[in-house]
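Undergrad: Mind looking at a prediction? Sequence and model below.
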Amino acid sequence: MPPTQPSGGAAAPGIQATILDEVLANLFQAIVDEMASATLRSAYTTFVKETQDFGTGLISTGGEMFTFPSELGAKTVLGIPLQAGVDPAHGWEPGDILIANDPYRTSGMVTHLNDLYMFKPIFADGEVIAFAWGFLHCTDVGGAVPGSITFASREIYQEGLRLRPVKLYRRGVLNTAIRHIIEDNCRIPDDNWGDISALAASLTTGEKRVGGLVAKYGEEAVQRAIEVTLGTTERRARNALRMIPAGEYRFIEYFEDDYISDVPVRVEVCLHSAGDGNIVLDFTGSDPAVRSALNIPSGSQKHHPFVSRAIVNFVGTYAPGIRLNAGVLRAVELVLPAGSVVNGDAPRSCGLRIGTALKAHDAVLGCLAQAVPERVPAAGAGQVVITYVSAPAGLGKAGRVVVANPVQGGSGGGLGMDGVSGADRPTAFLHNVPAEVLEAEAPVIVRRYGLSPDSEGPGRYRGGFGIRFSVELTQPGATLVLRGQDRHVFNPWGVRGGRAGSNATCVSGRGGEQAYLGKANLLEPGRGEVVTVAGAGGGGYGDPLERDPGKVCADARNGLVSIERARDVYGVVLAGVGPLARVDEEATAALRDAGLQARPATGSGEAGLFDYGPGRTAWTARYGAVTGLISRWVWSLPDGIRADAKTYAYTELARRGPGPYTEADALDVMKERQ
C-alpha cells in the first residue's frame, strides 16, 4: 500500500486538500476563460472583438490577480496591482459593479484613460471572498484626436474622460448618470457602451461560476485554493529565477526621441539577483518624466507588470505549465524613481505608455542577455503602431472610429529558433484586423498587408520580419491616426554576433513616388494616396555565417530574403530565383571558407555582446561619454524644468560641432544654463 494512503485506503486529509486545491485552480482557469470568451463574442468595437485588447480575471480581496485567461486577451496587464479597485471603502454590496479609468486616482492600477477597469464583488455568507474583474481598451474616450491618444498631449486633461472609481451599478441597478457621462464624452457612444455591457455580462458570469464553486466545495476550500494558487506560482517563479546568477546586470535602452524634440529618452535598469530567486529591478538612472505621452503612471508600486514583463516571460519560458498570475510578481521588487518616465506623476500625459513599457522590457532583456546569455533572445521590434481610421458622419451614417491594425515588427532570434515574424513577444497578444472586416467597417482599401522582405536581423537564428501595412482612405474628410511609432533611427539590437534588425518607417505616395512621413500622428490623406506603415525587424542571434544555408534558401523561396542579401550577409550563394532557388553548396562553402563575406561587427555594446545597429551606435559615439552626467545633472534640478534642461543640454552640445563630446563640454553647457 502506498505510503500516501491511510490504512483504510482513502486519501489522507492533506492529500485530499492538495488534490482539491488543484481541482479548484483548474476550475478558476475555466471560469476566466469563459469570461474572456463571452466578452470577445459580445463586444462591439474592432479593438476588442478583433484585436483583443481586453482582459478578464479573478481577483483576491487583497487585490492580487489569482487567475488570468490562458489564451484570449491582453497579457500586458497580467499581475497589475488592483488594490484601488477592491478597496473595502467602496462599500460593497451584491450586484455592484465599479468602473474606473483614472491612472492617478488608482495608484498605477489603470495606466491610461482608454482602459476602463470594472470590478464585481463575489459574496459568500454576506462577506466578499473575491472579485470578478475585467478591463477593455475603449477605442475612444474623447480627447484631442480620434482614438484619444496623441504624443502631443502634455497633460492628462487633454487625453479624454477621467473616471475615479465609481459604482456603475448599485445592487444591480444601472447608474444612468455615469452611463451618460461616458457616452457624452466619446465619439462612438453606442459601440463603447456595447463593449462595456459585454464586459459587465462576463463579470456576472464569473460571479455565478465562483458562487457555484462555493456552493459545491465550501467557502473555506475556495479561499484556501486562492492563496495556494498564488503561492504555488510564486514558488515556481522563484525556482525559475534561481537560474539568474547572483550579481548586478545593467542595461540602457532608449526611446529614440520624445516626439517633442529629437533627444532620446533614457530607460536604465540594474537587475539585482540574489541567486535565490529574488529579483530587484532598479530603474534609477532613467530619465525624468517627459513632456509627451510616454510616461508610465506606475504609482510607485513595488510590483508592476508594465516594467517587468521580460521577467514574466522568462518565468513563463523556464517554468513550463506554470499558472501565470500575480504570484510571479511577488518575486520581482521594483525601484521606480518618483517623477521619472517609468513612474510619472499627475497630471502628466500617459496615453503612449506602452512605448516606454516596451523599452523597459528590452532593457531588462538586455540585463538577462548578460546574466544568462543562452537563455534569452535578441531584442524584438520594440514598437507597435496602432492605426485608427476616423470617418466623419455623413451620407446617412454615424461617425466611426475604427482600429485599422496594430502594426508590429518581428521578435528577436534565439533560444535555438528564429524570431517570430509580425509579432513581438511583449505585444504578441494583439491580433491583426482581417482586411475584409476592416473594409466592411471603415472607408478604406487595404492595398497590402504582409511581411517586409530583408527586414530581419541576420543571425544564426534570424529575427522575425516586420509587418508592412498599406491603406488608402476612400471617404473625404476621413483621417488616419498613427500612434506609437519608434525604431525609425535606433534598431532592435542583435546579440552574440547577431545583427540588428531593420528600422521601422512610415511613408505615403501615389504610384511609384513615396515620401517619408516621419512620426506623423494625425493624417488626412488625399484621394488616391496610400499610406504605408512598416514595423521593424527583430534582432538576430549568433553569427549569420553560421546559419543553415537551407533555411536561408527557404526564406529566399518565400520572397523574404533577396539573393543579394543571402550572399552578402549570410554567405549563401543561391542558384535560381523565387520558388526555384537552391543552394549552390560548392560556391557557398568557398565564399564562407575564404572569408569573402565581411563578417558582422563583434558588437558595439557591453563586451561586444550586442550589435545596436548604425543609428544608436552613431549617437553613442557622439554623446555616450556625457549621457550619464547629463542625466544626473537634470535630476538635480527642480521638477518643472528637468525636461527643458535636458533638451537644452543636448541642443547646445550639438551647436558646438559634430562631437564626440567630453564631460568638460557637458559641464560647460551646464554652467551656462545655471
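TA: Great, that's in hand. Numbers count the residues shown, from 1 in each chain.

Undergrad: Look up how far Lys551 lies from Leu591.
TA: Leu591 sits at a distance of 17 Å from Lys551 (criterion: Cβ to Cβ, to the nearest Å). In short, each C-beta sits where N, CA and C put it, glycine included.

Undergrad: Kindly state the pLDDT recorded for Gly605?
TA: pLDDT for Gly605: 52.

Undergrad: repeat for Pro443
TA: pLDDT at Pro443 comes out at 89.

Undergrad: ditto for Gly399
TA: Note for Gly399: predicted pLDDT of 69.

Undergrad: can you list the domains in this structure?
TA: Domain assignment for the chain, taken from automatic domain parsing, gives 13-237, 378-543, 624-673.

Undergrad: Burial-wise, tell me which of these comes out on top.
TA: domain 378-543 (a mean of 23; mean count of other Cβ atoms under 10 Å).

Undergrad: tell me how far the ends of that domain are from each other?
TA: Start-to-end span of domain 378-543 (Cα to Cα, to the nearest Å) is 12 Å.

Undergrad: I'd guessed Phe28 sits against Leu230; true?
TA: No - using Cβ atoms under 8 Å, Phe28 is not in contact with Leu230; the gap is 10.9 Å.

Undergrad: quick one: average confidence on stretch 529-537?
TA: Average pLDDT, stretch 529-537: 95.

Undergrad: Use 59 as the first number for this chain going forward.
TA: Happy to do that; since the first residue is 59 now, the last one works out to stretch 587-595.

Undergrad: Off-centre distance for that stretch?
TA: From the chain centre to the centre of stretch 587-595 is a distance of 20 Å (Cα atoms, centre = their mean, to the nearest Å).

Undergrad: who wins for proximity to Arg308 among the domains of the chain?
TA: Ranking those by proximity to Arg308 (Cβ to Cβ) places domain 682-731 first, at 11.1 Å.

Undergrad: Make a markdown table from the domains of the chain and add distance to Asp403 to it.
TA: Converted to a markdown table, the domains of the chain look like this (distance: least, Cβ to Cβ, whole Å):
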| stretch | distance to Asp403 |
| --- | --- |
| domain 71-295 | 7 |
| domain 436-601 | 22 |
| domain 682-731 | 9 |
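
Undergrad: Among those domains, single out whichever gets nearest to Pro378.
TA: In terms of Cβ to Cβ, the element of the domains of the chain nearest to Pro378 is domain 71-295, at 9.8 Å.

Undergrad: Off-centre distance for the closest one?
TA: On Cα atoms, centre = their mean, the centre of domain 71-295 falls 19 Å from that of its chain.

Undergrad: just to revisit the earlier point, counting neighbours around each, name which of Leu649 and Lys609 comes out higher.
TA: A count of neighbours by other Cβ atoms under 10 Å puts Leu649 above the other of Leu649 and Lys609, at 19 against 16.

Undergrad: Could you pull up the residues touching the more buried one?
TA: 625, 629-631, 655 (Cβ atoms under 8 Å, 6 or more residues apart in numbering).

Undergrad: how about those, which pair is most distant?
TA: Farthest-apart pair in the contacts of Leu649 is Val631 and Gln655; separation 10.0 Å (Cβ to Cβ).

Undergrad: which residues do these two both contact?
TA: Common neighbours of Val631 and Gln655, using Cβ under 8 Å, 6+ apart, are 625, 649.

Undergrad: Can you pick out the residue with more neighbours from these two?
TA: Shown here are Val631 and Gln655; by other Cβ under 10 Å, Val631 has more neighbours (20 against 17).

Undergrad: Nearest residue to the more buried one in space, please, no chain neighbours.
TA: Take Val631 and drop its neighbours on the chain: the residue closest to it by Cβ to Cβ, 6 or more residues apart in numbering is Ala645, 3.9 Å away.

Undergrad: Check the spacing between that neighbour and Ala633 real quick.
TA: Ala645 is 8 Å from Ala633, by Cβ to Cβ.

Undergrad: Give me the residue ranges of the stretch 559-708 of the chain where confidence is low.
TA: Within the stretch 559-708 of the chain, the stretches falling below the threshold (pLDDT under 70) are 653-665.

Undergrad: Which parts of it are strands?
TA: Secondary structure of the stretch 559-708 of the chain (DSSP state E, counting those that start in this stretch): strands at 563-568, 571-574, 580-581, 588-592, 632-633, 640-641, 668-669.

Undergrad: Partner strands of the fifth one, with direction?
TA: Partner strands for strand 632-633, per DSSP bridges, with pairing direction: strand 640-641 (antiparallel).

Undergrad: likewise the second one?
TA: For strand 571-574, the pairing partners within the sheet under DSSP bridges are strand 563-568 (antiparallel).

Undergrad: What are the contacting residues of the partner strand?
TA: So strand 563-568 is contacted by 443, 540, 543, 546, 572-578, 581, 583, 586-592 (Cβ under 8 Å, 6+ apart).

Undergrad: Same check on stretch 119-130?
TA: So stretch 119-130 is contacted by 83, 86-87, 89-91, 93-95, 98, 110, 113-118, 136-144, 186-189, 191, 284, 287-288, 381-385 (Cβ under 8 Å, 6+ apart).

Undergrad: Can you list which of these are found in helices?
TA: 83, 86-87, 89-91, 93-95, 98, 141-144, 284, 287-288 (DSSP state H).

Undergrad: Tell me the pLDDT of Lys729.
TA: Listed pLDDT for Lys729 reads 87.

Undergrad: Show me the contact partners of the helix or strand that contains it.
TA: Using DSSP states H and E, Lys729 maps to helix 721-731. Contacts to helix 721-731, defined as Cβ under 8 Å, 6+ apart, come from residues 683-684, 687-688, 691, 703, 706-707, 710-711, 714.
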